[in-house]
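Q: quick one, what's the 3D model for this:
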Amino acid sequence: MSDRRVVLEVDSAGRRIYPPPMQVATALKDWADHHEISRERAADVFGVTTRTWQRWTEGKAEPSPSQISKAEAQFEGLLGRIWPGHSSEQG
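A: Purely as a prediction, here's the structure:
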């Protein structure tokens, strides 16, 4: 079964480290505010329903790596907001 969460980094023992859900939620809200887009538009960018977007921004769920990549393709800088020090060039 593949992991649907984006890995922040891998520690020296090979364990995956994920960003905390509220860090992702806050970053998504900040990203939408920065680009001055509505939650409806944000949901559309990610290819999800408005309800799913709301769950993400409340920290109740998270976008998958492919959803993050889709949004990053349209609005550069999303990865760096969610995971400081990372960019689309770093993968």
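
Q: which stretches in the protein count as helices?
A: 21-34, 39-46, 50-57, 65-74, 78-82 (DSSP state H).

Q: by contact count, what packs against the first one?
A: When contacts are defined as 3 or more CB pairs under 8 Å, 6 or more residues apart in numbering; DSSP states H and E, helix 21-34 sits against helix 39-46, helix 50-57, helix 78-82. Where you see a C-beta, it was placed from the backbone N, CA and C, and this is true even at glycine.

Q: quick check, pLDDT for Asp44.
A: Confidence at Asp44, expressed as pLDDT, is 89.

Q: from Ser66, how far out is it?
A: Separation of Asp44 from Ser66 (CB to CB, to the nearest Å): 16 Å.

Q: who's more crowded, these two?
A: Asp44 (15 against 12; other CB atoms under 10 Å).

Q: from Gly59, how far out is the more buried one?
A: Asp44 is 21 Å from Gly59, by CB to CB.

Q: what does Ile37 give?
A: Taken as CB to CB, the span from Ile37 to Gly59 is 20 Å.

Q: and for the residue nearest to Lys29 when sequence neighbours are not counted, the neighbour number?
A: Nearest non-adjacent residue to Lys29, counting by CB to CB, 6 or more residues apart in numbering: Thr57, 5.1 Å away. Counted with other CB under 10 Å, the neighbours of Thr57 add up to 20.

Q: try the one 4 residues further on
A: Each residue near Ala61 was counted by other CB under 10 Å, and the total is 15.

Q: tell me the pLDDT at it?
A: 88.

Q: not counting its neighbours along the chain, what's nearest it?
A: Arg55 (4.3 Å).

Q: and among the helices of the chain, the most buried is which?
A: Of the helices of the chain, the one with the most neighbours on average (mean count of other CB atoms under 10 Å) is helix 78-82, at a mean of 21.

Q: just the mean pLDDT for it, thanks.
A: pLDDT averaged over helix 78-82 gives 66.

Q: any regions of this protein where pLDDT drops low?
A: Residue ranges of the chain with pLDDT under 70: 1-11, 16-20, 77, 79-91.
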